[in-house]
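Whatever this is, show me its structure:
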Amino acid sequence: MSRFGRAILLKSTTTIVAFMANMTSYIAALRSFGIEAGLGVFCAFVLTGLWVPLVRYDFDLWLESRGKLQDEEDGIIHMVPKPWLAAVTTNSARHAPAVAALANLITAMAVPMMISLEGDFQVEDFIESESDLAVGIALVNERFSDEGEPGYILLEGDMANPKVIAAIGGLRNNVNSHGPDDSDQLTRLPTGEVEIIAIDTILALTKAAMAWNSTPFVAAGWDPSAEDGGIGCDKDPLGLPSLGDRECLVFLYGFALTRGVPESGGYPPMAPSLVAEYIQAVGEIDYESPWLTLSGETPGYPRASIRFGISSPEQFALVKPALAQLEADMAPLQELSRNPMRVQGDISSADDEYPVTWAIPTGEPVIRFVAADSMQDEMQGTLLLGVVLCTITLWWGFREETSARQRWQESMQNRADFARRVGSTVAITGVITYLMLGSGYAAFFAVLALILSILWGTLPFFIATVTTGPIFVVIIWLYAMVELAGYGLNMVTVAIAAMSLGVGIDYVIHLIERYREEREKGMTPHLSLAAVGSASGLALFGSAVSDIAGFMVINQSKMGFFSTFGLFCAVMIGLSLIASMILTPAVLGLLHRKSLVSEYS
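Residues are numbered from 1 along each chain as shown. Below you'll find the model as predicted:
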């Protein structure tokens, strides 16, 4: 019971640690997921790891006191004959080199598929594909694919600076200068040009309305006969306000925000509320003198927006290059910004040379893509961190029973061997954390490995690595199967991959603990693996089959969310069983190769 209890404690602790690794994320939803999942596993441990065994123990004592407690009968037919399971573990260890070669080959093929996975947001993955909502969305995407979903570029700074208007024109030219090999996700007008609606378009319509009928503008204070229009504004060759003059822009902005854009030459009028979608004023504009505020000051225009459209916004693999290309096309705006335009600056810092303090794409399709992409990156990052933390947790769980002082004294008798073992532990930890988490974590965990090698010993580290390694391989295989099945990275597939660490490692822990128990009894590696297969293997197989059956029932749901969840959870459980019954015995077979060869011979 002590071994079984420790296995239950270790599997619960590692699962909690795997989920709680999400606490390092800056995304609130992921932190909430980690806390709630960790608390759920802790409650399950209290219930099934402590309360249920105590209840069963009391029940057996009650039966024994009445002479009704019976021993388990021999010859009971199990789901799978014990010799079969024992053969699986022993043959995996016996043919460990072949199993390892095959596993490495599969992993080598799976890694490129895992890396090539792209995020997506298919409606069918979350709602029933035959529902009215899904059918309606499909029809809209099919019949109005050129319309796209509106996105915006938010500008902050001094929008009354003529350089900003020129930069918007430069952006318009850039998005229309790409070749057939570039991304083409931005929606286009019937003329073939990319649809970009900004304040410069409204200003052009306003000037056209003035040329068509100047009466509304004269009523607002414009004097066609004056050289400066009566407002201190430079005129263009047509006698209209010049877009290269600040005072002219202030007048046109104020006019459009208070009166809208009058109709002209077949163009309908534009309401002031629509103009306000593209330019924002500070202070209440004087209706009679739109170049001034009610307090008699020149109004400020700190924000503007540029509207564009993204076709197929649910295809994240297409949205990502489109946004990257759009940001490159925003180079004219970057030239007017003192800092990187994605970094929000202080609006008051805008001046004549650098009038733009912030320029960033936004809107529903952009927000949805960034949120999903960030969520996926964070979940994958915390997954890798969870692997490292689970290894450290198992290192603690498998720590040597002798005291650190006693191990230190024994190690000093053979310092070369001690330095070799500790050095290899530190090196392996540093390399793994560097490859999985980056250089920022490598130094910290390398130092931590040095300290823990002295406190807990080096042998438990390698046992923990043997326990965690097969599950990490399974995670890679699971991602590859997601790619083979035609799915992308979304909230379902990424969450299942994250769950596979906490759930799958439980299988391997049970097998490793039972193997260590048999070895401590003096059993040979071959007999220990046979005992593990016939005892723990039976429980693991039964648990996996019942779990897979339950998840495959969920897979029958017409709701894409539940169907995908059920499918890949079943795959995850099946791969975890393979990791525990085949991969782990193969690793143990490699570690005890000489002993096994001598036994078989």
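
all strands of the protein, in order?
Taking DSSP state E as the criterion, the chain carries its strands at 149-157, 279-282, 300-310, 356-362.

For the longest one, C-alpha coordinates in CSV please.
Meaning strand 300-310. C-alpha atoms of strand 300-310 as CSV (Å, rounded to 0.1, in the frame of the first residue of the first chain):
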residue,chain,number,x,y,z
GLY,A,300,-6.8,68.9,-31.3
TYR,A,301,-7.2,65.7,-33.3
PRO,A,302,-5.2,63.0,-31.4
ARG,A,303,-6.7,59.8,-33.0
ALA,A,304,-7.7,58.5,-36.4
SER,A,305,-8.6,55.1,-37.8
ILE,A,306,-8.0,53.4,-41.1
ARG,A,307,-10.5,50.8,-42.2
PHE,A,308,-9.6,47.7,-44.2
GLY,A,309,-11.2,44.3,-44.7
ILE,A,310,-9.8,40.7,-44.2
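
Start at 187, not 1
Sure thing, new numbering starts at 187, so read that last one as strand 486-496.

What is it packed up against?
Applying 3 or more Cβ pairs under 8 Å, 6 or more residues apart in numbering; DSSP states H and E, one finds that strand 486-496 makes contact with strand 335-343, helix 348-361, strand 465-468, helix 502-515. (Glycine included, C-beta is placed from N, CA and C.)

Walking through the stretch 337-486 of the chain, point out its helices one by one.
For the stretch 337-486 of the chain, applying DSSP state H, counting those that start in this stretch gives helices covering 348-361, 385-398, 401-405, 432-445, 458-461.

if we look at the first one, which residues are touching it?
Just to be clear, that refers to helix 348-361. With contact meaning Cβ atoms under 8 Å, 6 or more residues apart in numbering, helix 348-361 is reached by 339, 341, 343-344, 372, 380, 382, 384-386, 389, 429-432, 435, 490, 492, 494, 512, 514-519, 521-522, 541-542.

Residue 238 - how many residues pack around it?
Residue 238: 11 surrounding residues under other Cβ atoms under 10 Å.

Distance check, it against residue 782.
From residue 238 across to residue 782, the span is 37 Å (Cβ to Cβ, to the nearest Å).

Tell me how many other residues surround residue 449.
14.

which non-adjacent residue is nearest it?
residue 455 (4.5 Å; Cβ to Cβ, 6 or more residues apart in numbering).

same thing with residue 526?
Closest residue to residue 526 apart from its sequence neighbours, by Cβ to Cβ, 6+ apart: residue 520 at 7.5 Å.

low-scoring stretches of the stretch 637-786 of the chain, by residue?
Scanning the stretch 637-786 of the chain for pLDDT under 70 picks out 677, 683-684, 785-786.

And the helices in it, which stretches?
Using DSSP H, counting those that start in this stretch, the helices of the stretch 637-786 of the chain run over residues 645-670, 677-706, 711-720, 722-741, 746-764, 770-777, 779-786.

Direction-wise, compare the last one with helix 711-720 and give the angle.
With axes from the mean of the first three to the mean of the last three Cα atoms, to 10 degrees applied, the angle from helix 779-786 to helix 711-720 works out at 90 degrees.

Ok, the fourth one next?
In terms of direction (the same axes, to 10 degrees), helix 722-741 departs from helix 711-720 by 40 degrees.

coming back round to it: minimum distance to residue 625: which of the helices of the stretch 637-786 of the chain has it?
Judged by Cβ to Cβ, the one of the helices of the stretch 637-786 of the chain that comes nearest to residue 625 is helix 645-670, at 20.2 Å.

now that closest one, how far from the centre of its chain.
Centroid separation for helix 645-670 versus its chain: 19 Å, with Cα atoms, centre = their mean, to the nearest Å.

How about stretch 626-645?
Centroid separation for stretch 626-645 versus its chain: 28 Å, with Cα atoms, centre = their mean.

now swap in stretch 776-787 and tell me
Using Cα atoms, centre = their mean, the offset of stretch 776-787 from its chain centre is 44 Å.

now stretch 379-399
Chain-centre distance of stretch 379-399: 41 Å, with Cα atoms, centre = their mean.

How about residues contacting that stretch?
345, 351, 354-355, 357-358, 361-362, 372-375, 402-403, 408, 424, 426-427, 429, 435, 438-439, 441-442, 447-451, 453, 456, 461, 464-465, 490-495.

Quick check on the residues you listed: which are buried?
For the contacts of stretch 379-399, a burial check counting by 16 or more other Cβ atoms under 10 Å picks out 345, 351, 354, 357-358, 361, 372-374, 402-403, 408, 426-427, 429, 435, 438-439, 441-442, 447-448, 450, 456, 461, 464-465, 490-495.

Would you format the helices and strands packed on strand 486-496 as TSV with mean pLDDT and distance to residue 591 included?
Formatted as TSV, those follow (pLDDT from 0 to 100; distance: least, Cβ to Cβ, whole Å):
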stretch	mean pLDDT	distance to residue 591
strand 335-343	91	62
helix 348-361	93	69
strand 465-468	92	70
helix 502-515	87	56
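
which of the ones you listed is buried the deepest?
Comparing those by mean neighbour count (mean count of other Cβ atoms under 10 Å), strand 335-343 comes out on top with a mean of 22.

Relative to residue 628, which of the helices of the stretch 337-486 of the chain is closest?
Distance to residue 628, taken as Cβ to Cβ, is lowest for helix 348-361 among the helices of the stretch 337-486 of the chain, at 40.6 Å.

Between helix 502-515 and the closest one, find me the angle.
Helix 348-361 and helix 502-515 are oriented at 140 degrees to each other (the same axes, to 10 degrees).

tally of neighbours for residue 229?
If you count neighbours by other Cβ under 10 Å, residue 229 ends up with 10.

What of residue 719?
Count around residue 719 with other Cβ under 10 Å applied: 29.

so who does residue 518 touch?
Listed by Cβ under 8 Å, 6+ apart, the contact set of residue 518 reads 352-357, 360.

How about it: what's its closest non-neighbour residue?
Closest residue to residue 518 apart from its sequence neighbours, by Cβ to Cβ, 6+ apart: residue 356 at 3.3 Å.

which residues does the nearest residue to residue 538 once chain neighbours are set aside contact?
Spatially, and ignoring its direct neighbours in sequence, residue 538 is nearest to residue 347 (6.7 Å; Cβ to Cβ, 6+ apart). Residue 347 is in contact with 432, 522, 536, 538, 541, counting by Cβ under 8 Å, 6+ apart.

can you check residue 601 too?
Contacts of residue 601 by Cβ under 8 Å, 6+ apart: none found.

Then the one 10 residues further on?
Counting by Cβ under 8 Å, 6+ apart, residue 611 makes contact with 635-636, 639, 644, 647-648.

could you dump the residues you listed to JSON lines with neighbour count and distance to residue 680?
Below are those laid out as JSON lines (neighbours: other Cβ atoms under 10 Å; distance: Cβ to Cβ, whole Å):
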{"residue": "635", "neighbour count": "23", "distance to residue 680": "29"}
{"residue": "636", "neighbour count": "16", "distance to residue 680": "34"}
{"residue": "639", "neighbour count": "24", "distance to residue 680": "34"}
{"residue": "644", "neighbour count": "22", "distance to residue 680": "34"}
{"residue": "647", "neighbour count": "26", "distance to residue 680": "29"}
{"residue": "648", "neighbour count": "17", "distance to residue 680": "30"}
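
Would you mind checking which of these is nearest to residue 234?
Of all the contacts of residue 611, residue 647 has the smallest distance to residue 234: 29.0 Å, by Cβ to Cβ.

Before I go, just wanted to say thanks for your time.
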